[in-house]
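Chemist: no sequence on this one, just coordinates:
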């Protein structure tokens, strides 16, 4: 899908530019025609026209304000100023009545929905009344503004409907891009999980099975000839093979997440706390509701992140207590892993990890960022460690 997207309909843009040009031309016409007619108040007319142009320009510039509330308030204040200046100019010269047509569209653009028609009618009445003040009560002077108001309402309402439709399409397009991004992240996560499972099977079926066979053969050799002079070397070889087998099985466990009890992430974490993390004297508090529904790719990511964090807690923190918590906040899932251990200097640890080519924390960040999430670590030497992971909730 193309990254370029036109947010406003070209028809709306063209209409706005055309109306702005029309307003400028009519204002110049008023100044020019009154000058030719030798109006004794031409200086006043010029000053009022300049003031009107400034007010109109300020309305246009208010579109640059980021705050919608401030933008709307500024537009409406300057429109009131513009309307009062226009009424004053119409009282001085009837030619200014022509400006009412582009003012119709401006009123429709910035006024609240329930004020659109009454405001146009008020401008129409002001234009007709001003023409009457100059003694120009004619059929054209009355019917002309009324027809102009009707045309402005028809075109203005159509333009507003077109703009709202364009904005609705823009929101739909933004939602579609966000959904596409989440889908791509889920597919990447599924691909990574499938590759990890493939590697786990390969290690289990080749390296682990081979080491298991070697261990059995060496054990049999020890039992067959216990008085052999090479028995100590055989024992050392068996112990090395046993240690390598345990390491290979650990790799397999880390590559493949433990099974989820009916898709319960809390159940998987409690099993890990009772098995893989139980060897230490660490007290682990699991605060994850079994009823918490999470999309499977995100469950896997949270489980992997927790495994990595707890491996560091067990190996390095000297903590006596750790807490794992997963909660659902509006539109986001929050994982917190906290311990009361020795903490660390985050800058020094990251620098050392980069020098040694270690990628534990970097892998955690990359895994979370695949789902549009973020990782934050709060720690100081002697003050424990707190890791907070926030991932957008796909089920919301």
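Modeler: Yep, it's here. Owing to the predicted nature of the structure, the values given are computational and were not obtained by experimental measurement.

Chemist: what is the rounded mean pLDDT of whichever helix or strand residue 335 is part of?
Modeler: Using DSSP states H and E, residue 335 falls within strand 332-339. For strand 332-339, the mean per-residue pLDDT is 94.

Chemist: Pull up the pairing partners for it, direction included.
Modeler: Sheet pairing of strand 332-339 (DSSP bridges) gives strand 321-329 (antiparallel), strand 385-392 (antiparallel).

Chemist: export these to CSV and tack on mean neighbour count and mean pLDDT?
Modeler: From N, CA and C alone the C-beta is placed, and that goes for glycine too. As requested, the strands paired with strand 332-339 are arranged in CSV below (neighbours: other Cβ atoms under 10 Å; pLDDT from 0 to 100):
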stretch, mean neighbour count, mean pLDDT
strand 321-329, 17, 93
strand 385-392, 20, 94
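
Chemist: now the residue lying farthest from the centre of the chain: how far from residue 235?
Modeler: Within the chain, the residue lying farthest from the chain centre (Cα atoms, centre = their mean) is residue 227, at 72.0 Å. Counting by Cβ to Cβ, to the nearest Å, the separation of residue 227 from residue 235 is 13 Å.

Chemist: pLDDT below threshold where in the stretch 251-396 of the chain?
Modeler: Applying pLDDT under 70 to the stretch 251-396 of the chain flags the ranges 253, 256-263, 279-280, 353-360, 394-396.

Chemist: Now do the host helix or strand of residue 190 against strand 385-392: the angle between them, please.
Modeler: Applying DSSP H and E as the criterion places residue 190 in helix 139-202. Going by axes from the mean of the first three to the mean of the last three Cα atoms, to 10 degrees, helix 139-202 is angled at 130 degrees with respect to strand 385-392.

Chemist: Against which helices or strands is helix 139-202 packed?
Modeler: helix 10-36, helix 100-110, helix 116-133, helix 231-255, helix 296-312 (3 or more Cβ pairs under 8 Å, 6 or more residues apart in numbering; DSSP states H and E).

Chemist: I'd like those helices as a markdown table, with mean neighbour count and distance to residue 190 appended.
Modeler: Output for the helices and strands packed on helix 139-202, formatted as a markdown table (neighbours: other Cβ atoms under 10 Å; distance: least, Cβ to Cβ, whole Å):
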| stretch | mean neighbour count | distance to residue 190 |
| --- | --- | --- |
| helix 10-36 | 15 | 41 |
| helix 100-110 | 22 | 48 |
| helix 116-133 | 18 | 51 |
| helix 231-255 | 15 | 15 |
| helix 296-312 | 21 | 6 |
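
Chemist: Determine which of those approaches residue 187 most closely.
Modeler: Nearest to residue 187 among these is helix 296-312; the distance by Cβ to Cβ comes to 8.7 Å.

Chemist: could you check the angle strand 321-329 makes with the closest one?
Modeler: For helix 296-312 against strand 321-329, the angle by the same axes, to 10 degrees is 160 degrees.

Chemist: List phi and psi for residue 343.
Modeler: Note on residue 343: its backbone torsions stand at phi 70, psi -170 [degrees, to the nearest 10].
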